Structures are given as C-alpha cells and as structure tokens.
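Student: Need the 3D shape of this:
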Amino acid sequence: MQKVEVRAEGDFPAWLLWGGGAVLVALVAGLFFLTWKSQFAAPPGYLFGTPSLGAEAGYCLAVAQDVSPGGAPSGSYFDEAAQFWLGRLKGYDAPMGEEIAAGRAKLGADLGIFDGPDRVWLRDAMEVCSRRALNYGAKFRSLG
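Tutor: Residues are numbered from 1 along each chain as shown. Okay, here's the model as predicted:
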C-alpha cells in the first residue's frame, strides 16, 4: 500500500511560504515607497486663483508683509514667512518684480471684493499661505 502524506490544516509547502512572503514584503515596501514619495508632490493648483507659482509666491509675500500693521518685526513668524516667499521668488526664472506685482494686484483685487475688514482676509490668507509654505518645505523657527 502507498503511504499518503497528510498535512495538517494550515501547513503549507516551504516554496509557497517563501514565495508568498517575498511577494508580501515587496508589496509592503512598494506601498511604503509610494507613500513616502507622494509627500513631496506639489499641491494641485495655485493659491487664490493665481496664474503661476511666481504669482502665488508674490501673493503670499504681499500677505506676509501686510498682515502685521507697521511691518513685521525682524525674526518674527511673519518675517520668516516673507523671507521664505522671497527666497522662492528668487528661485524662479521669471522676473521677480513682475511676479510680486501680479501677486500684489491679485491681493488688492481680493481685498476689494471681500466684504469684511482687510485684517480678517489677511489673517486667513496668512494661514493658507503658511500651510502651503510648509508643504514646500518651510521650517518656521519662531513657531518652535
């Protein structure tokens, strides 16, 4: 009589365990890499309907400069934000003056449409610009 090998339920051949384990490890590593890589993706669209990255930076620079009455104190959060957006503007190929003017013009148009006080719009715009700056890699030392 022929001896039949009987396996307990859940007992799998070694090749299936090693092969399946390798596929599972590769899948988890691939998903981890894709998740890690996607954090560096640029956010979709530009803030406040600006037409370009430069105009967005000009807009946020104008907000950072105007949000504090009398100008931002040196080393303050608003000053750091203004320096960050100025640095971004320097990194673009387009002329800085045109991008700043486009951003200021768009901010002026938005303030003209807004029914509330300018301070409210500027404060909310500063929050949105700061979140975008963090997405772009800004590190605000004044915030701790």
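Student: How is residue 12 classified with respect to secondary structure?
Tutor: At residue 12 the chain is in coil, as set by DSSP: H, G, I helix; E, B strand; the rest coil.
Student: and it, how many neighbours does it have?
Tutor: Residue 12 is flanked by 10 other residues according to other CB atoms under 10 Å. The C-beta positions use only the backbone N, C-alpha and C, and glycine is treated the same way.
Student: and it, how far is that from residue 57?
Tutor: Residue 12 is 57 Å from residue 57, where distance means CB to CB, to the nearest Å.
Student: what stretches of the protein score poorly on pLDDT?
Tutor: The model of the chain has pLDDT under 70 over residues 1, 6-10, 38-44, 144.
Student: Quick one: the helices in it, in order.
Tutor: Taking DSSP state H to define them, one finds helices in the chain at 14-38, 53-66, 77-90, 96-113, 118-135.
Student: Show me the contact partners of the second one.
Tutor: Same thing as helix 53-66. Helix 53-66 has contacts (CB atoms under 8 Å, 6 or more residues apart in numbering) with 46-48, 50, 71-72, 78-79, 81-82, 85-86, 88-89, 92, 94, 96, 98-104, 106-107, 122, 125-126, 129, 132-133.
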